[in-house]
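Trainee: the following comprises the amino acid sequence and a computationally predicted model.
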Protein chains: 2
Amino acid sequence: METVLASPNREVVIGPDRPFVIVGERINPTGRRAFAERISGGDLEPVREEALAQVRAGAPVLDVNAGIPGADEVDLLVRMVKLVAETVDVPLCIDSSTDAALEAALAVYEGKALVNSVTGEEDKLERILPLVKRHGAAVIGMANDERGPLPDPAERLAVARKIVQRAADHGIPAEDVLIDPLAMTVGADPDAGRVVLETMRLVREELGVNLICGASNVSFGMPGRAELTATFVAMGRMVGLTSAIANPLSREMRMATLGSDVLLGIDRYAATWLRTLRAEQAAGAEG
Amino acid sequence: METVLASPNREVVIGPDRPFVIVGERINPTGRRAFAERISGGDLEPVREEALAQVRAGAPVLDVNAGIPGADEVDLLVRMVKLVAETVDVPLCIDSSTDAALEAALAVYEGKALVNSVTGEEDKLERILPLVKRHGAAVIGMANDERGPLPDPAERLAVARKIVQRAADHGIPAEDVLIDPLAMTVGADPDAGRVVLETMRLVREELGVNLICGASNVSFGMPGRAELTATFVAMGRMVGLTSAIANPLSREMRMATLGSDVLLGIDRYAATWLRTLRAEQAAGAEG
């Protein structure tokens, strides 16, 4: 199954036989005080810089999040989405827990966006899915609901199944639903990795939809974070993970995703791998 | 299924719920001219050094190969095995294509060794399996035969099945057979990665035995070799790879294998991961 996202001039296809898609995670003020202060003060230059840096590092899609406590998120998200769309020509993942902000951002975005996100909660489904349909977007369905994070992969699968069905009821085809199996930190729960990987496997086997996850969550608070996250993505890929919201500036992440493209025979004759390593060497020789 | 190897005083267990086992690959003269010249000249100090360095880096098992064209391999392999066994207390993987050398080395080794290797070729099976049985060893069964490398994972599975059956006929239980699905370089064949990963999946699903492979082969001749090999091992782990003959001195390899132990819930509370990263930091602070 393939999911097509689009900016005004460019399409990105997510699917098991396609290069792994990193959705650049860095346009997000959560946990980044200096970034949050500048953008809530009206200076969007850091947003422009993060957009350019991530696309330069190879991210084919960018997440845009404007969640700053106390800020006017509707206005800020709209301005950020407009700026990013003017700066780089890649599809956007519009990331908000506020319906009004999602709605306003989708209204100004001229492409096929990815909406981040809906859960299995009834009221969320009934509010977000019509909005996704109206704007012809794709949507991330988080495999949790009002019960909070579910410890059993089969329960997460059940939530994912419900989201895909509800999306269909609203006229959104399964290829426009990406399931997020919920990566949580192994620092708090030693079974967090096993559970999210097993959820991927179940979702791929039963629903066959594309999978995405906030990969960096898995290593939150851990030393060797970049290495652990990259290893997680390489493993996830074998059980259906086709994209991740992650840091494209992490060399470990780029090597894991580009390397897995080579090892799955998607990057034929390692063309992208070789080009990337040559560019690295050239940059190293210059620097 | 679990495979137990043993040195005189230490057991190592290979299995899907156990920490990934790196079999240190570096005591091998192939392609290493200076190493080959010294040991064929009678100076085994490089063997001792490689044994110490690999065990210090965390390798729980070491491969020992004495294949130097023109050298007396029987004598050399016996001396190398004795020296390594005196130097480090880890089980050994005895690696030779010469029956007499395997036989002589197994005769002097006081532990339960891993024999590297037998193929599906009739004459090989009839010569190697009795030797494995006689010495109470475990054996690596390569998923190829007189036809050479097989392009189809189902054909490789058929060879693996035959080896496991023949081993049983010789009184060697399936837990003492590790199948090698044959990693070959993606530099020569863009499908090499896909085929070996798919072979792993088939062997695990049908035979349920442990899997091992010469992981570094997959990236032979490629730039970014350490990164590509480590990514391959992380991916392989999700489809049944439980051990690899690999370079334990590669930080990428250690991070991928220890990281996957954390992510599969085997390294509970990331105890080994944390200890390793702290030791790295301490060494960095010293150096």
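Mentor: The structure has been received and is ready for your questions.
Trainee: measure how far stretch A:103-112 is from the centre of its chain, please.
Mentor: 17 Å (Cα atoms, centre = their mean, to the nearest Å).
Trainee: tell me the secondary structure for residue A:5?
Mentor: strand (DSSP: H, G, I helix; E, B strand; the rest coil).
Trainee: so it is in contact with residue A:18, correct?
Mentor: No: the criterion here is Cβ atoms under 8 Å, and residue A:5 misses it with residue A:18 at 11.6 Å. Every residue, glycine included, has its C-beta placed from N, CA and C.
Trainee: right, and residue A:265 touches residue B:193 too?
Mentor: Yes: the criterion here is Cβ under 8 Å, and residue A:265 meets it with residue B:193 at 6.2 Å.
Trainee: give me the more crowded residue out of the two.
Mentor: residue B:193 (30 against 18; other Cβ atoms under 10 Å in any protein chain shown).
Trainee: so, low pLDDT: which residues of chain A?
Mentor: A:286-287 (pLDDT under 70).
Trainee: residue A:5 and residue A:18 - which one has more neighbours?
Mentor: The residue with more neighbours, out of residue A:5 and residue A:18, is residue A:5; 26 against 17, by other Cβ under 10 Å.
Trainee: for the more buried one, list the residues it contacts.
Mentor: A:11-14, A:61, A:91, A:111-114, A:138 (Cβ atoms under 8 Å, 6 or more residues apart in numbering or on different chains).
Trainee: among these, which ones are in strands?
Mentor: Under the assignment DSSP state E, the contacts of residue A:5 contribute A:11-14, A:61, A:114, A:138 to strands.
Trainee: mind checking the SS state of whichever residue of the stretch 1-150 of chain A sits closest to chain B?
Mentor: Closest approach between the stretch 1-150 of chain A and chain B, counting by Cβ to the nearest Cβ: residue A:17, at 10.5 Å. The three-state label given to residue A:17 by three-state DSSP is coil.
Trainee: quick one: residues contacting it.
Mentor: Applying Cβ under 8 Å, 6+ apart to residue A:17 gives the contacts residue A:266.
Trainee: distance of it relative to residue B:83?
Mentor: 50 Å (Cβ to Cβ, to the nearest Å).
Trainee: could you do residue A:53 as well?
Mentor: 52 Å.
Trainee: neighbour count winner among these two?
Mentor: residue B:83 (17 against 14).
Trainee: the residue nearest to that one when sequence neighbours are not counted: how many residues sit nearby?
Mentor: Among residues not flanking residue B:83 along the chain, residue B:44 sits closest, at 5.3 Å (Cβ to Cβ, 6 or more residues apart in numbering or on different chains). Per other Cβ under 10 Å, the neighbour tally for residue B:44 reads 18.
Trainee: break down the stretch 1-150 of chain A into its helices, ranges please.
Mentor: Residue ranges of the helices in the stretch 1-150 of chain A, as given by DSSP state H, counting those that start in this stretch, are A:33-40, A:45-56, A:73-87, A:99-108, A:122-134.
Trainee: what does the fourth one contact?
Mentor: Helix A:99-108 has contacts (Cβ under 8 Å, 6+ apart) with A:64, A:66, A:73-74, A:77-78, A:81-82, A:94, A:96, A:113, A:115, A:127-128, A:131, A:134-135, A:137.
Trainee: try it again with 10 Å
Mentor: Identification of contacts with helix A:99-108 by Cβ atoms under 10 Å, 6 or more residues apart in numbering or on different chains yields A:64-67, A:72-82, A:85, A:92, A:94-96, A:98, A:113, A:115-118, A:124, A:127-128, A:131-132, A:134-137.
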